[in-house]
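Student: fold the following, please.
(chains A and B)
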2 protein chains.
Amino acid sequence: MSDERRRLLVDETPFPEGLEERLRSQLTFLVEVDRLKTILRQSPLAAAARRENDAEHSWHLAMMVGVLAEHADEPIDVGHTVQLVLLHDLVEIYAGDTPLYDSAAGVDQAEREAAAADELFGLLPADQAERMRALWDEFEERRTPEARFAKAMDRLQPLLLNWMAKGGTWRTPGVTAEEVRTRKAVIGDASTALWEAGRFLIDEGERRGWARS
Amino acid sequence: MSDERRRLLVDETPFPEGLEERLRSQLTFLVEVDRLKTILRQSPLAAAARRENDAEHSWHLAMMVGVLAEHADEPIDVGHTVQLVLLHDLVEIYAGDTPLYDSAAGVDQAEREAAAADELFGLLPADQAERMRALWDEFEERRTPEARFAKAMDRLQPLLLNWMAKGGTWRTPGVTAEEVRTRKAVIGDASTALWEAGRFLIDEGERRGWARS
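Tutor: Below you'll find the model as predicted:
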(Lines give C-alpha, C1' and ligand atoms only; values in the text may rest on other atoms or scores of the structure.)
Protein backbone atom coordinates (compact mmCIF):
# COMPACT_ATOMS: atom_id res chain seq x y z
CA MET A 1 0.00 0.00 0.00
CA SER A 2 1.23 3.47 -0.86
CA ASP A 3 2.23 5.90 1.87
CA GLU A 4 0.39 8.67 0.10
CA ARG A 5 -2.85 9.77 1.65
CA ARG A 6 -5.83 8.31 -0.16
CA ARG A 7 -8.07 10.80 -1.95
CA LEU A 8 -11.21 11.20 0.16
CA LEU A 9 -14.70 12.01 -1.05
CA VAL A 10 -14.58 15.26 0.88
CA ASP A 11 -11.56 16.33 -1.18
CA GLU A 12 -14.03 16.79 -4.07
CA THR A 13 -15.78 19.60 -2.17
CA PRO A 14 -13.63 20.50 0.84
CA PHE A 15 -15.40 21.98 3.85
CA PRO A 16 -14.70 25.70 4.22
CA GLU A 17 -12.16 27.00 6.73
CA GLY A 18 -13.70 27.71 10.11
CA LEU A 19 -15.31 24.38 11.00
CA GLU A 20 -14.20 23.26 14.45
CA GLU A 21 -11.51 20.55 14.10
CA ARG A 22 -13.21 17.65 15.89
CA LEU A 23 -16.49 18.19 14.05
CA ARG A 24 -14.59 18.49 10.76
CA SER A 25 -13.04 15.03 11.35
CA GLN A 26 -16.43 13.56 12.16
CA LEU A 27 -18.10 15.04 9.08
CA THR A 28 -15.18 13.93 6.90
CA PHE A 29 -15.71 10.36 8.09
CA LEU A 30 -19.49 10.60 7.67
CA VAL A 31 -19.10 11.76 4.07
CA GLU A 32 -16.48 9.09 3.32
CA VAL A 33 -18.77 6.25 4.48
CA ASP A 34 -21.21 7.27 1.73
CA ARG A 35 -19.06 4.87 -0.33
CA LEU A 36 -20.72 1.92 1.45
CA LYS A 37 -23.73 2.57 -0.81
CA THR A 38 -21.61 1.69 -3.84
CA ILE A 39 -20.20 -1.63 -2.62
CA LEU A 40 -22.26 -4.32 -4.34
CA ARG A 41 -22.98 -7.68 -2.76
CA GLN A 42 -23.94 -10.88 -4.54
CA SER A 43 -27.46 -11.02 -3.07
CA PRO A 44 -30.42 -10.02 -5.25
CA LEU A 45 -33.00 -7.68 -3.71
CA ALA A 46 -36.48 -9.08 -3.07
CA ALA A 47 -38.09 -5.79 -4.18
CA ALA A 48 -36.19 -5.06 -7.42
CA ALA A 49 -34.14 -6.79 -10.10
CA ARG A 50 -30.71 -5.71 -8.98
CA ARG A 51 -28.02 -6.64 -6.48
CA GLU A 52 -27.98 -5.27 -2.97
CA ASN A 53 -25.35 -2.84 -1.71
CA ASP A 54 -23.65 -2.88 1.68
CA ALA A 55 -25.51 0.13 3.12
CA GLU A 56 -28.90 -1.40 2.29
CA HIS A 57 -27.73 -4.72 3.71
CA SER A 58 -26.51 -3.11 6.95
CA TRP A 59 -29.80 -1.27 7.41
CA HIS A 60 -31.72 -4.50 6.83
CA LEU A 61 -29.67 -6.35 9.46
CA ALA A 62 -30.40 -3.58 11.96
CA MET A 63 -34.14 -3.97 11.35
CA MET A 64 -33.79 -7.72 11.79
CA VAL A 65 -32.03 -7.33 15.13
CA GLY A 66 -34.92 -5.25 16.44
CA VAL A 67 -37.57 -7.73 15.32
CA LEU A 68 -35.80 -11.06 15.92
CA ALA A 69 -33.82 -10.42 19.14
CA GLU A 70 -36.34 -12.45 21.16
CA HIS A 71 -35.10 -15.59 19.40
CA ALA A 72 -31.55 -15.26 20.75
CA ASP A 73 -30.55 -18.24 22.91
CA GLU A 74 -28.66 -15.94 25.28
CA PRO A 75 -30.00 -12.50 26.30
CA ILE A 76 -28.57 -9.75 24.09
CA ASP A 77 -28.36 -5.97 24.36
CA VAL A 78 -30.35 -4.90 21.29
CA GLY A 79 -28.82 -1.42 20.95
CA HIS A 80 -25.29 -2.80 21.14
CA THR A 81 -26.06 -5.52 18.58
CA VAL A 82 -27.49 -2.88 16.24
CA GLN A 83 -24.22 -0.91 16.53
CA LEU A 84 -22.30 -4.02 15.47
CA VAL A 85 -24.37 -4.69 12.35
CA LEU A 86 -24.40 -1.03 11.30
CA LEU A 87 -20.62 -0.90 11.06
CA HIS A 88 -19.67 -4.55 10.37
CA ASP A 89 -19.14 -3.99 6.62
CA LEU A 90 -17.54 -0.52 6.73
CA VAL A 91 -14.10 -1.99 6.09
CA GLU A 92 -15.33 -3.13 2.67
CA ILE A 93 -15.23 0.53 1.61
CA TYR A 94 -11.48 0.10 1.17
CA ALA A 95 -11.18 -3.73 1.17
CA GLY A 96 -14.13 -4.62 -1.11
CA ASP A 97 -16.79 -7.31 -0.63
CA THR A 98 -15.61 -10.90 -0.29
CA PRO A 99 -18.38 -13.23 -1.57
CA LEU A 100 -19.27 -16.01 0.89
CA TYR A 101 -18.75 -18.74 -1.70
CA ASP A 102 -15.41 -17.37 -3.04
CA SER A 103 -12.69 -19.28 -1.13
CA ALA A 104 -9.76 -17.72 -3.04
CA ALA A 105 -10.74 -14.16 -2.13
CA GLY A 106 -11.03 -15.25 1.49
CA VAL A 107 -7.30 -15.99 1.85
CA ASP A 108 -5.96 -12.49 2.62
CA GLN A 109 -9.35 -11.07 3.60
CA ALA A 110 -8.53 -10.57 7.30
CA GLU A 111 -5.31 -8.69 6.53
CA ARG A 112 -6.89 -6.44 3.89
CA GLU A 113 -9.81 -5.65 6.16
CA ALA A 114 -7.65 -4.82 9.19
CA ALA A 115 -5.65 -2.32 7.11
CA ALA A 116 -8.90 -0.84 5.81
CA ALA A 117 -10.22 -0.48 9.36
CA ASP A 118 -7.08 1.40 10.45
CA GLU A 119 -7.37 3.78 7.55
CA LEU A 120 -11.13 4.41 7.62
CA PHE A 121 -11.67 4.63 11.38
CA GLY A 122 -8.49 6.75 11.55
CA LEU A 123 -10.43 9.60 9.95
CA LEU A 124 -12.35 9.98 13.23
CA PRO A 125 -11.11 11.66 16.41
CA ALA A 126 -8.88 9.13 18.23
CA ASP A 127 -11.39 8.22 20.96
CA GLN A 128 -14.10 7.44 18.42
CA ALA A 129 -11.70 5.59 16.11
CA GLU A 130 -10.75 3.37 19.03
CA ARG A 131 -14.36 2.74 20.01
CA MET A 132 -15.37 1.86 16.46
CA ARG A 133 -12.37 -0.42 16.02
CA ALA A 134 -13.31 -2.22 19.25
CA LEU A 135 -16.87 -2.75 17.98
CA TRP A 136 -15.60 -4.10 14.65
CA ASP A 137 -13.12 -6.42 16.42
CA GLU A 138 -15.96 -7.63 18.66
CA PHE A 139 -18.07 -8.47 15.61
CA GLU A 140 -15.20 -10.31 13.93
CA GLU A 141 -14.20 -12.31 17.01
CA ARG A 142 -17.72 -13.47 17.86
CA ARG A 143 -16.93 -13.91 21.57
CA THR A 144 -19.99 -12.03 22.87
CA PRO A 145 -23.67 -13.03 22.52
CA GLU A 146 -24.24 -9.73 20.69
CA ALA A 147 -21.51 -10.46 18.12
CA ARG A 148 -22.81 -13.98 17.58
CA PHE A 149 -26.33 -12.68 17.01
CA ALA A 150 -25.06 -9.96 14.66
CA LYS A 151 -23.22 -12.63 12.65
CA ALA A 152 -26.37 -14.76 12.58
CA MET A 153 -28.30 -11.85 11.05
CA ASP A 154 -25.48 -11.38 8.51
CA ARG A 155 -26.04 -15.00 7.43
CA LEU A 156 -29.84 -15.11 7.73
CA GLN A 157 -30.58 -11.99 5.71
CA PRO A 158 -29.09 -13.22 2.38
CA LEU A 159 -30.71 -16.59 3.08
CA LEU A 160 -34.09 -14.82 3.07
CA LEU A 161 -33.19 -12.93 -0.12
CA ASN A 162 -32.06 -16.18 -1.77
CA TRP A 163 -35.33 -17.81 -0.76
CA MET A 164 -37.26 -14.90 -2.33
CA ALA A 165 -35.15 -15.22 -5.52
CA LYS A 166 -35.83 -18.96 -5.70
CA GLY A 167 -32.15 -19.75 -5.33
CA GLY A 168 -30.12 -16.56 -5.82
CA THR A 169 -26.48 -17.19 -4.92
CA TRP A 170 -27.30 -20.80 -3.94
CA ARG A 171 -27.10 -21.34 -7.73
CA THR A 172 -23.43 -20.20 -7.81
CA PRO A 173 -21.54 -22.80 -9.92
CA GLY A 174 -19.99 -25.49 -7.71
CA VAL A 175 -22.07 -24.63 -4.63
CA THR A 176 -24.27 -27.37 -3.12
CA ALA A 177 -27.09 -27.27 -0.57
CA GLU A 178 -24.71 -29.00 1.84
CA GLU A 179 -22.17 -26.18 1.50
CA VAL A 180 -24.92 -23.62 2.03
CA ARG A 181 -25.90 -25.44 5.25
CA THR A 182 -22.26 -25.50 6.40
CA ARG A 183 -21.76 -21.76 5.75
CA LYS A 184 -25.04 -20.84 7.41
CA ALA A 185 -24.65 -23.05 10.49
CA VAL A 186 -23.22 -20.12 12.53
CA ILE A 187 -26.82 -18.90 12.80
CA GLY A 188 -27.22 -21.77 15.28
CA ASP A 189 -24.45 -20.35 17.49
CA ALA A 190 -26.85 -17.50 18.32
CA SER A 191 -30.35 -18.89 17.91
CA THR A 192 -31.65 -22.44 17.78
CA ALA A 193 -35.04 -21.26 16.53
CA LEU A 194 -33.68 -19.10 13.70
CA TRP A 195 -31.25 -21.77 12.55
CA GLU A 196 -34.08 -24.30 12.55
CA ALA A 197 -36.11 -21.94 10.33
CA GLY A 198 -33.09 -21.18 8.12
CA ARG A 199 -32.26 -24.85 7.63
CA PHE A 200 -35.92 -25.53 6.88
CA LEU A 201 -35.80 -22.98 4.02
CA ILE A 202 -32.51 -24.36 2.65
CA ASP A 203 -33.85 -27.94 2.79
CA GLU A 204 -37.04 -26.89 1.03
CA GLY A 205 -34.99 -24.97 -1.56
CA GLU A 206 -32.93 -28.08 -2.21
CA ARG A 207 -36.13 -30.15 -2.59
CA ARG A 208 -37.36 -27.65 -5.18
CA GLY A 209 -34.06 -27.73 -7.09
CA TRP A 210 -33.00 -24.15 -6.14
CA ALA A 211 -29.79 -25.51 -4.59
CA ARG A 212 -27.80 -28.48 -5.93
CA SER A 213 -27.97 -31.71 -3.92
CA MET B 1 -58.20 2.70 -0.10
CA SER B 2 -59.36 -0.77 -1.11
CA ASP B 3 -60.38 -3.36 1.46
CA GLU B 4 -58.53 -6.05 -0.41
CA ARG B 5 -55.29 -7.22 1.12
CA ARG B 6 -52.29 -5.71 -0.63
CA ARG B 7 -50.05 -8.13 -2.49
CA LEU B 8 -46.91 -8.61 -0.37
CA LEU B 9 -43.41 -9.36 -1.57
CA VAL B 10 -43.53 -12.68 0.24
CA ASP B 11 -46.53 -13.68 -1.88
CA GLU B 12 -44.04 -14.03 -4.76
CA THR B 13 -42.31 -16.92 -2.96
CA PRO B 14 -44.49 -17.93 0.00
CA PHE B 15 -42.74 -19.51 2.97
CA PRO B 16 -43.44 -23.26 3.20
CA GLU B 17 -46.02 -24.64 5.63
CA GLY B 18 -44.51 -25.49 8.99
CA LEU B 19 -42.90 -22.19 10.01
CA GLU B 20 -44.02 -21.20 13.50
CA GLU B 21 -46.72 -18.48 13.23
CA ARG B 22 -45.05 -15.64 15.14
CA LEU B 23 -41.74 -16.10 13.31
CA ARG B 24 -43.62 -16.28 9.99
CA SER B 25 -45.18 -12.84 10.69
CA GLN B 26 -41.79 -11.41 11.61
CA LEU B 27 -40.09 -12.77 8.47
CA THR B 28 -43.00 -11.58 6.29
CA PHE B 29 -42.48 -8.05 7.64
CA LEU B 30 -38.70 -8.28 7.24
CA VAL B 31 -39.06 -9.31 3.59
CA GLU B 32 -41.67 -6.60 2.92
CA VAL B 33 -39.38 -3.82 4.20
CA ASP B 34 -36.93 -4.73 1.44
CA ARG B 35 -39.06 -2.24 -0.54
CA LEU B 36 -37.41 0.64 1.36
CA LYS B 37 -34.39 0.05 -0.89
CA THR B 38 -36.48 1.04 -3.92
CA ILE B 39 -37.90 4.34 -2.59
CA LEU B 40 -35.81 7.07 -4.18
CA ARG B 41 -35.11 10.37 -2.48
CA GLN B 42 -34.13 13.64 -4.14
CA SER B 43 -30.63 13.72 -2.63
CA PRO B 44 -27.66 12.80 -4.82
CA LEU B 45 -25.08 10.41 -3.34
CA ALA B 46 -21.62 11.79 -2.62
CA ALA B 47 -20.00 8.54 -3.83
CA ALA B 48 -21.86 7.93 -7.12
CA ALA B 49 -23.89 9.76 -9.76
CA ARG B 50 -27.34 8.62 -8.70
CA ARG B 51 -30.05 9.46 -6.19
CA GLU B 52 -30.11 7.96 -2.73
CA ASN B 53 -32.75 5.50 -1.59
CA ASP B 54 -34.49 5.40 1.79
CA ALA B 55 -32.64 2.34 3.12
CA GLU B 56 -29.24 3.90 2.40
CA HIS B 57 -30.42 7.18 3.92
CA SER B 58 -31.67 5.43 7.08
CA TRP B 59 -28.39 3.58 7.49
CA HIS B 60 -26.46 6.83 7.05
CA LEU B 61 -28.54 8.57 9.74
CA ALA B 62 -27.83 5.72 12.15
CA MET B 63 -24.07 6.12 11.57
CA MET B 64 -24.43 9.86 12.16
CA VAL B 65 -26.23 9.35 15.47
CA GLY B 66 -23.34 7.20 16.72
CA VAL B 67 -20.69 9.73 15.71
CA LEU B 68 -22.47 13.04 16.44
CA ALA B 69 -24.48 12.27 19.60
CA GLU B 70 -21.97 14.21 21.71
CA HIS B 71 -23.19 17.42 20.07
CA ALA B 72 -26.76 17.04 21.38
CA ASP B 73 -27.78 19.95 23.64
CA GLU B 74 -29.68 17.54 25.92
CA PRO B 75 -28.34 14.07 26.81
CA ILE B 76 -29.76 11.40 24.48
CA ASP B 77 -29.97 7.62 24.61
CA VAL B 78 -27.96 6.69 21.50
CA GLY B 79 -29.48 3.21 21.03
CA HIS B 80 -33.00 4.59 21.23
CA THR B 81 -32.22 7.40 18.80
CA VAL B 82 -30.76 4.86 16.37
CA GLN B 83 -34.03 2.87 16.55
CA LEU B 84 -35.95 6.03 15.60
CA VAL B 85 -33.86 6.82 12.53
CA LEU B 86 -33.81 3.20 11.34
CA LEU B 87 -37.60 3.08 11.05
CA HIS B 88 -38.53 6.75 10.50
CA ASP B 89 -39.02 6.33 6.74
CA LEU B 90 -40.63 2.86 6.71
CA VAL B 91 -44.08 4.35 6.09
CA GLU B 92 -42.81 5.62 2.73
CA ILE B 93 -42.90 2.00 1.53
CA TYR B 94 -46.64 2.47 1.08
CA ALA B 95 -46.95 6.28 1.22
CA GLY B 96 -43.98 7.27 -1.01
CA ASP B 97 -41.32 9.90 -0.40
CA THR B 98 -42.51 13.50 0.05
CA PRO B 99 -39.74 15.87 -1.10
CA LEU B 100 -38.85 18.56 1.44
CA TYR B 101 -39.35 21.40 -1.03
CA ASP B 102 -42.68 20.09 -2.47
CA SER B 103 -45.40 21.93 -0.48
CA ALA B 104 -48.34 20.44 -2.47
CA ALA B 105 -47.38 16.83 -1.68
CA GLY B 106 -47.09 17.78 1.97
CA VAL B 107 -50.82 18.52 2.34
CA ASP B 108 -52.18 15.00 2.97
CA GLN B 109 -48.79 13.53 3.91
CA ALA B 110 -49.66 12.90 7.58
CA GLU B 111 -52.86 11.04 6.72
CA ARG B 112 -51.27 8.90 4.00
CA GLU B 113 -48.37 8.03 6.27
CA ALA B 114 -50.55 7.09 9.25
CA ALA B 115 -52.54 4.66 7.06
CA ALA B 116 -49.27 3.23 5.72
CA ALA B 117 -47.97 2.72 9.25
CA ASP B 118 -51.12 0.82 10.26
CA GLU B 119 -50.81 -1.47 7.28
CA LEU B 120 -47.07 -2.10 7.35
CA PHE B 121 -46.55 -2.47 11.10
CA GLY B 122 -49.73 -4.60 11.16
CA LEU B 123 -47.77 -7.38 9.47
CA LEU B 124 -45.89 -7.88 12.76
CA PRO B 125 -47.15 -9.68 15.86
CA ALA B 126 -49.40 -7.23 17.78
CA ASP B 127 -46.90 -6.44 20.56
CA GLN B 128 -44.18 -5.56 18.06
CA ALA B 129 -46.56 -3.61 15.81
CA GLU B 130 -47.53 -1.50 18.80
CA ARG B 131 -43.92 -0.91 19.82
CA MET B 132 -42.89 0.11 16.31
CA ARG B 133 -45.88 2.40 15.94
CA ALA B 134 -44.98 4.07 19.24
CA LEU B 135 -41.41 4.66 18.02
CA TRP B 136 -42.65 6.12 14.74
CA ASP B 137 -45.14 8.38 16.58
CA GLU B 138 -42.32 9.49 18.87
CA PHE B 139 -40.19 10.45 15.88
CA GLU B 140 -43.05 12.36 14.24
CA GLU B 141 -44.08 14.23 17.40
CA ARG B 142 -40.56 15.36 18.32
CA ARG B 143 -41.38 15.65 22.00
CA THR B 144 -38.33 13.73 23.27
CA PRO B 145 -34.65 14.76 22.99
CA GLU B 146 -34.06 11.52 21.03
CA ALA B 147 -36.78 12.34 18.49
CA ARG B 148 -35.47 15.89 18.07
CA PHE B 149 -31.94 14.61 17.50
CA ALA B 150 -33.20 11.98 15.03
CA LYS B 151 -35.01 14.72 13.11
CA ALA B 152 -31.86 16.85 13.16
CA MET B 153 -29.92 14.01 11.53
CA ASP B 154 -32.70 13.64 8.94
CA ARG B 155 -32.14 17.28 7.99
CA LEU B 156 -28.34 17.41 8.34
CA GLN B 157 -27.59 14.35 6.20
CA PRO B 158 -29.05 15.71 2.93
CA LEU B 159 -27.44 19.05 3.76
CA LEU B 160 -24.06 17.27 3.72
CA LEU B 161 -24.92 15.51 0.45
CA ASN B 162 -26.03 18.81 -1.10
CA TRP B 163 -22.79 20.41 0.01
CA MET B 164 -20.84 17.57 -1.65
CA ALA B 165 -22.92 18.01 -4.84
CA LYS B 166 -22.23 21.76 -4.89
CA GLY B 167 -25.92 22.50 -4.49
CA GLY B 168 -27.95 19.34 -5.15
CA THR B 169 -31.60 19.96 -4.25
CA TRP B 170 -30.77 23.52 -3.13
CA ARG B 171 -30.94 24.18 -6.88
CA THR B 172 -34.61 23.06 -7.05
CA PRO B 173 -36.48 25.75 -9.08
CA GLY B 174 -38.04 28.33 -6.79
CA VAL B 175 -35.99 27.37 -3.72
CA THR B 176 -33.83 30.04 -2.10
CA ALA B 177 -31.03 29.85 0.47
CA GLU B 178 -33.42 31.51 2.92
CA GLU B 179 -35.96 28.69 2.45
CA VAL B 180 -33.20 26.11 2.93
CA ARG B 181 -32.25 27.81 6.22
CA THR B 182 -35.90 27.84 7.33
CA ARG B 183 -36.40 24.12 6.53
CA LYS B 184 -33.14 23.13 8.19
CA ALA B 185 -33.57 25.22 11.35
CA VAL B 186 -35.02 22.23 13.28
CA ILE B 187 -31.42 20.99 13.53
CA GLY B 188 -31.03 23.75 16.11
CA ASP B 189 -33.82 22.26 18.26
CA ALA B 190 -31.44 19.37 19.01
CA SER B 191 -27.94 20.77 18.66
CA THR B 192 -26.65 24.34 18.68
CA ALA B 193 -23.23 23.18 17.42
CA LEU B 194 -24.56 21.16 14.50
CA TRP B 195 -26.99 23.87 13.41
CA GLU B 196 -24.15 26.39 13.55
CA ALA B 197 -22.11 24.12 11.25
CA GLY B 198 -25.10 23.43 8.99
CA ARG B 199 -25.94 27.11 8.62
CA PHE B 200 -22.28 27.83 7.93
CA LEU B 201 -22.35 25.39 4.98
CA ILE B 202 -25.64 26.83 3.63
CA ASP B 203 -24.30 30.40 3.93
CA GLU B 204 -21.09 29.42 2.15
CA GLY B 205 -23.13 27.58 -0.53
CA GLU B 206 -25.16 30.75 -1.08
CA ARG B 207 -21.96 32.80 -1.34
CA ARG B 208 -20.72 30.41 -4.03
CA GLY B 209 -24.01 30.55 -5.95
CA TRP B 210 -25.07 26.94 -5.14
CA ALA B 211 -28.29 28.25 -3.57
CA ARG B 212 -30.26 31.27 -4.83
CA SER B 213 -30.10 34.43 -2.71
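Student: please name the nearest non-neighbouring residue to the most centrally placed residue in chain A.
Tutor: By CA atoms, centre = their mean, chain A has its centre lying nearest to residue A:89, at 4.1 Å. Of all residues not flanking residue A:89 in the chain, residue A:54 sits nearest, at 4.5 Å (CB to CB, 6 or more residues apart in numbering or on different chains). All C-beta spots, glycine's among them, are computed from the backbone N, C-alpha and C.
Student: tally of neighbours for the one you found?
Tutor: 23 (other CB atoms under 10 Å in any protein chain shown).
Student: right, and it touches residue A:97 too?
Tutor: Yes: using CB atoms under 8 Å, residue A:54 is in contact with residue A:97, at 6.8 Å.
Student: overlap in contacts of these two?
Tutor: A:39-41, A:89 (CB atoms under 8 Å, 6 or more residues apart in numbering or on different chains).
Student: just the buried members of those residues?
Tutor: Buried members of the shared contacts of residue A:54 and residue A:97, counted by 16 or more other CB atoms under 10 Å in any protein chain shown: A:39, A:41, A:89.
Student: what about the helices in chain A?
Tutor: Assigned by DSSP state H, the helices in chain A fall at A:21-32, A:54-68, A:78-87, A:92-95, A:109-121, A:126-141, A:145-164, A:177-184, A:192-207.
Student: how about the ones you listed in a markdown table, adding distance to residue B:80?
Tutor: Listed next are the helices of chain A as a markdown table, based on distance: least, CB to CB, whole Å:
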| stretch | distance to residue B:80 |
| --- | --- |
| helix A:21-32 | 20 |
| helix A:54-68 | 11 |
| helix A:78-87 | 7 |
| helix A:92-95 | 27 |
| helix A:109-121 | 24 |
| helix A:126-141 | 18 |
| helix A:145-164 | 17 |
| helix A:177-184 | 31 |
| helix A:192-207 | 25 |
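Student: can I get these in CSV with mean pLDDT and distance to residue B:195?
Tutor: Supplementary listing: these in CSV, determined by pLDDT from 0 to 100; distance: least, CB to CB, whole Å:
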stretch, mean pLDDT, distance to residue B:195
helix A:21-32, 98, 12
helix A:54-68, 98, 26
helix A:78-87, 98, 25
helix A:92-95, 94, 28
helix A:109-121, 93, 27
helix A:126-141, 98, 21
helix A:145-164, 98, 34
helix A:177-184, 96, 46
helix A:192-207, 98, 42
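Student: quick check: the two most widely separated of the shared contacts of residue A:54 and residue A:97?
Tutor: Using CB to CB, the pair of the shared contacts of residue A:54 and residue A:97 lying farthest apart is A:40 and A:89, separated by 11.7 Å.
Student: shared neighbours, those two?
Tutor: Common neighbours of residue A:40 and residue A:89 (CB under 8 Å, 6+ apart) are A:54, A:97.
Student: now tell me what touches the lengthiest strand in chain A from outside.
Tutor: For chain A, the strand with the greatest residue count under DSSP state E is strand A:40-44. By CB under 8 Å, 6+ apart, the list of residues contacting strand A:40-44 from outside reads A:50-54, A:57, A:97, A:99-101, A:157-158, A:161-162, A:164-165, A:168-169, A:172.
Student: that strand to helix A:145-164, inter-axis angle?
Tutor: Per axes from the mean of the first three to the mean of the last three CA atoms, to 10 degrees, the angle that strand A:40-44 makes with helix A:145-164 is 60 degrees.
Student: pairing partners for strand A:40-44, with directions?
Tutor: Here strand A:40-44 has these sheet partners by DSSP bridges: strand A:51-53 (antiparallel).
Student: and the strand it pairs with, how far from the chain's centre?
Tutor: Distance, stretch centre to chain centre, for strand A:51-53: 12 Å (CA atoms, centre = their mean, to the nearest Å).
Student: buried ones in that strand?
Tutor: Neighbour-count burial for strand A:51-53 [16+ other CB under 10 Å]: A:52-53.
Student: pLDDT on it, on average?
Tutor: Taken as a whole, strand A:51-53 has an average pLDDT of 98.
Student: and the contacts of it?
Tutor: A:36-45, A:161, B:37, B:56.
Student: switch to 7 Å and redo it
Tutor: A:37-45, A:161 (CB atoms under 7 Å, 6 or more residues apart in numbering or on different chains).
Student: and the residue of chain A nearest chain B?
Tutor: Nearest to chain B, among the residues of chain A, is residue A:79, at 2.4 Å (CB to the nearest CB).
Student: related to what we said a few turns ago, of all the contacts of strand A:51-53, which two lie farthest apart?
Tutor: A:38 and A:161 (19.0 Å).
Student: does residue A:172 touch residue A:103 like I think?
Tutor: No: here residue A:172 does not reach residue A:103: they are 11.6 Å apart, not a contact under CB atoms under 7 Å.
Student: neighbour count: the two, which is higher?
Tutor: Shown here are residue A:172 and residue A:103; by other CB under 10 Å, residue A:172 has more neighbours (17 against 10).
Student: skipping adjacent residues, who's closest to the more buried one in space?
Tutor: Residue A:172's closest residue in space is residue A:101 (CB to CB, 6+ apart), at 4.9 Å.
Student: for residue A:159, same thing?
Tutor: With CB to CB, 6+ apart, the residue lying closest to residue A:159 is residue A:198, at 5.3 Å.
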